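**Q** here is my input, please return the structure:
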Amino acid sequence: MFKMVKKSKIQTPDWILKGDMPPKRKKQGKTFKIRMCPKCNSDKVSVVIGDVGKWECKECKWKGTKPKEEELEEEEFMEYLDKKGEEVA
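**A** Numbers count the residues shown, from 1 in each chain. All right, here's what the predicted structure looks like:
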């Protein structure tokens, strides 16, 4: 009638076997990403129209492919906007 199925054993994750730190977990709840210039840390970074994958800083004129990214939770993001002087509705 019923066929016994052998269950596989749980494997130890590779990062434990190698002695590394656990992979970063995403923050719970709503998060916001802020892109910043790697040269001057300004958040006035935008995509360059016409160049695929290119970014430009409006402050120091840095151009590159990878701006710094910071992920903030909702409360941290609201504090960030307050410090910047942005009006929050």
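**Q** and the strands in this protein, which stretches?
**A** Listed in chain order, the strands of the chain (DSSP state E) span 31-36, 45-47, 55-57, 63-64, 68-73.
**Q** and among those, the most buried is which?
**A** Of the strands of the chain, the one with the most neighbours on average (mean count of other CB atoms under 10 Å) is strand 55-57, at a mean of 19. (Glycine included, C-beta is placed from N, CA and C.)
**Q** just checking, what packs against that strand?
**A** Contacts defined by 3 or more CB pairs under 8 Å, 6 or more residues apart in numbering; DSSP states H and E place strand 55-57 against strand 45-47, strand 63-64.
**Q** chain center to that strand: distance?
**A** Distance, stretch centre to chain centre, for strand 55-57: 18 Å (CA atoms, centre = their mean, to the nearest Å).
**Q** so what strands line up beside that strand?
**A** Within its sheet, strand 55-57 is paired with strand 45-47 (antiparallel), strand 63-64 (antiparallel), according to DSSP bridges.
**Q** out of those strands, which gets nearest to Pro13?
**A** With CB to CB as the measure, strand 63-64 is the member of the strands paired with strand 55-57 nearest Pro13 (34.2 Å).
**Q** one step back: among the strands paired with strand 55-57, which is nearest Glu76?
**A** Each of the strands paired with strand 55-57 was scored for nearness to Glu76 using CB to CB, and the closest is strand 45-47 (18.9 Å).
**Q** nearest residue to Cys37 in space, please, no chain neighbours.
**A** Distance criterion CB to CB, 6 or more residues apart in numbering; nearest residue to Cys37, sequence neighbours excluded, is Cys57 at 3.8 Å.
**Q** give the contact list for the one you found.
**A** Cys37, Lys39, Cys40, Ser42, Lys44, Val45, Lys63, Pro67 (CB atoms under 8 Å, 6 or more residues apart in numbering).
**Q** need those residues in CSV (columns: pLDDT).
**A** Formatted as CSV, the entries for the contacts of Cys57 read as follows, by pLDDT from 0 to 100:
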residue, pLDDT
Cys37, 94
Lys39, 93
Cys40, 93
Ser42, 91
Lys44, 92
Val45, 94
Lys63, 93
Pro67, 92
